[in-house]
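>>> Got a predicted structure here, sequence first:
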Amino acid sequence: MDEIIIIWSNIAISQRNKVFEYWNHRNKSNSYSKKINTEIYKNLDLLKINPLMGKLGSIKPFRILHLGNYSLVYRQSESVIYIISFWDNRQNPEKLKKLLGL
């Protein structure tokens, strides 16, 4: 089986970068952003091994992988995982549904 690759959408990249910018500004340091980024990539490595580990909830066909205050919203094909959104779980979930076109 070929290795699964991860592709981030422009929206997800933008959301992630905004979170990093917020924490860098708030803490006057990038150490917390680095911690979040490490957690993201640790979980992405696990996701490559088990693409179905994210929960399939009310926003089908997307899966959600929870990372504390944040979630990766993704969909998968045989050899690609598409990260659709890097979501702050403290936001209104209806905003996520609107973003996903649901």
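Okay, I see it. Numbers count the residues shown, from 1 in each chain.
>>> For the host helix or strand of Tyr74, what is the distance to the chain centroid?
Using DSSP states H and E, Tyr74 sits within strand 70-76. Centroid separation for strand 70-76 versus its chain: 5 Å, with C-alpha atoms, centre = their mean, to the nearest Å.
>>> who does that strand pair up with?
Counting by DSSP bridges, the strands paired with strand 70-76 are strand 63-67 (antiparallel), strand 80-88 (antiparallel).
>>> Residues touching it, excluding its own?
Outside strand 70-76, the residues that touch it by C-beta atoms under 8 Å, 6 or more residues apart in numbering are 4, 12, 19, 36, 40, 43-44, 47, 51-52, 54, 59, 61-65, 81-89, 96, 100. No exception for glycine: its C-beta is placed from N, CA and C like everyone else's.
>>> Turn the strands paired with strand 70-76 into a markdown table, columns for mean neighbour count, mean pLDDT and distance to Tyr74.
Listed next are those as a markdown table, based on neighbours: other C-beta atoms under 10 Å; pLDDT from 0 to 100; distance: least, C-beta to C-beta, whole Å:
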| stretch | mean neighbour count | mean pLDDT | distance to Tyr74 |
| --- | --- | --- | --- |
| strand 63-67 | 18 | 94 | 6 |
| strand 80-88 | 20 | 95 | 5 |
